[in-house]
Every structure is written in structure tokens, then in C-alpha cells.
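In: Mind looking at a prediction? Sequence and model below.
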Amino acid sequence: MNIGAIYSRLQGIQPPLTTENPAGAGQAAGRSSFASFEKALASQMTESVGTALPAPGVSASNPVTSARGILGQMIGDVQNRQDIAKEAVQSVLQGEGSVHKAMIAMEEATISFQLLAEMRNKVVESLQELMRMQV
Amino acid sequence: MSISLIPGIDSSGSALDAERMRLNVIANNIANANTTKTIDGPDAQPYRRQVVLFESVLAEQTNGASGKGGSAYEPATVHVREVTDDSRPFQEVYQPGHPHANAQGMVKMPNVNIAEEMVDMITASRSIEANVQVITSAKQMVRTSLEIARR
């Protein structure tokens, strides 16, 4: 999975502006443009993220198509990795596991969580940018 | 187990496992370098030096390798195949007062050469350091990629 490609795509997402209601229906236009923006974001995220991170419970024949679903999938992945890290540390304390396996598991959990945080920041920032466009 | 986020960590993690097993075997060899009888009994042998054999395990080849050009690169992991005995003959030392001496006063000592074991130990520890350096660099690479999104 190429994290750099994902972020360049997230940066390049432009929220589509509706030009059909130029006056008066600012809030409705904002909501509808946010819905279409959410679809565009979700399609780009599905393309670059959805198939690269197979989280448990989601099969390839049932692709997640909403941004909220993809974030939920990533949260499941973060939870999964943190559980693995916790088990690895416990096995080291019981004397059966190797230290470097626990270290690697902890590092993967940390990076996965940071990735989730960055995605959340991007979505929130795009939403704020969109909300600022209402006149 | 899900796909790892850090590139190359499967290979390096498996190498750390394998070298750790090798260090265990080296420690066992050095500790038993003077063991003249492994178990009690008339036909017991001295401790025989043990050797670790590694093998490379390729990941499952995908279908992309058959028809299309540019097949996907599948990283290989290191795996300890077996821990076998070194077949070199035992060293014989003349010690007539030893309880395990035979009729000629010769005692069979293990075929462990301490200098050889020390060199193997240095090799294993340097290999561990190199693999940890690979993991550190890969981790740093991923962290830098995450900074693309930050202002």
C-alpha cells in the first residue's frame, strides 16, 4: 500500500460546486454538494485504500462505498492491530514470545493509528473548507 | 494477520527470529564445550556441536507471474529448517585421572571450538543489528510519507 499515493489523492479532491442554484438555497446546495463530495471522496478512497487493507468482516465482493464505511473499516483495522500488539506484549511478559515481534506489532499499531488520524484530519479539513464556501 | 504497513518488515522480522535461534544454539554450544558425557550410562557420548540450517521461504506466487508482464515481487522470509549435529569427530585429550577416561587414558571432549563459536556469535549479532537498521529505516520512510498530509 502506497501511503504517498493516497495522500496525494486526498489533497487533489475538489468538492464539486453546484451551479444550478446560485442564489438563496445556499444551505441546501451545501448539503447536496457535500453529498456528492462525499461520494467523490469515497470513490477515490475506495480505489486507493479499500482493496489494499482487507479488514476482517468485509469481503471483496461487498465493497464499502461510503466515506463513513471506509473510516469504520480503518478503525476496525486499528483495533485489530492494537489487539495483536497487546497479545504480543503479554506473550513476552510470560516468557514465550520474542521481544522484536512485540516491538514490530506495537510499531504497526502506532503507524496504523497515525494513518487513521491523518485521514480524519483531511476529511474534517475538507468539510471545513466546504462549509466556508457558503455565501 | 493483516497486511503490514511497514515495507519489508516480514523479511526482517523473520530474519530476527532466525538469528535469535542461532544465538540460542551458539550459547548452548559454548555452555556445553566441556561436557564429556551428555547422559549417564556406559555408552553415553560427549556433547556434539549443533548447527542451525536456514532456508528461504518464498511467499505464494500470484497469478500475475504467468501471463502479464512485470510480475509482482513477492518477498522471501527466512526460516530455520532444522538444528542438526556437526559431524566432525570428537577431540581426544589425554587425561588418565578423569572419571570418563577409557583404558588408554584418553577422554573424548566435545567438538566445540570456542573461537569459531565467538566468530559465529559476532556474525549473528551484526546480522541482528543490520535487520533492525532496515526496520528503522523503513519505519522512518513511512513516517515521512505520513507527513505529506500535514501542513
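Out: The structure has been received and is ready for your questions.

In: Chain A contacts on chain B?
Out: Chain B comes close to chain A at residues B:1-6, B:9, B:13, B:16-17, B:20, B:132, B:135, B:139, B:142-143, B:145-146, B:148-150, as judged by C-beta under 8 Å from any C-beta of the partner chain. C-betas here are computed from N, CA, C, even on glycine.

In: Turn the buried ones among those into a named ChimeraX selection, would you?
Out: Selection command for ChimeraX covering only the buried members of these, criterion 16 or more other C-beta atoms under 10 Å in any protein chain shown:
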select /B:4,5,6,9,13,16,17,20,135,139,142,145,146,149
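
In: pLDDT averaged over the longest helix seen in chain B, what's the number?
Out: Across chain B, the longest stretch assigned as helix under DSSP state H is helix B:114-146. Average pLDDT, helix B:114-146: 95.

In: so what secondary structure elements neighbour that helix?
Out: Contact partners of helix B:114-146 among helices and strands, from 3 or more C-beta pairs under 8 Å, 6 or more residues apart in numbering or on different chains; DSSP states H and E: helix A:3-11, helix A:99-131, helix B:9-31.

In: And those helices, which one averages the lowest pLDDT?
Out: Note on the helices and strands packed on helix B:114-146: helix A:3-11 shows the lowest mean pLDDT, a mean of 48.

In: Just say which of the helices and strands packed on helix B:114-146 is most tucked in.
Out: Mean neighbours per residue, mean count of other C-beta atoms under 10 Å in any protein chain shown, is largest over these for helix B:9-31, with a mean of 19.

In: wait, what's in contact with the most centrally placed residue in chain B?
Out: Centroid-nearest residue in chain B, with C-alpha atoms, centre = their mean: residue B:22, separated by 2.8 Å. By C-beta atoms under 8 Å, 6 or more residues apart in numbering or on different chains, the contact set of residue B:22 is B:52, B:80, B:120, B:124.

In: Quickly note the distance from residue B:126 to residue B:23.
Out: According to C-beta to C-beta, to the nearest Å, residue B:126 and residue B:23 sit 12 Å apart.
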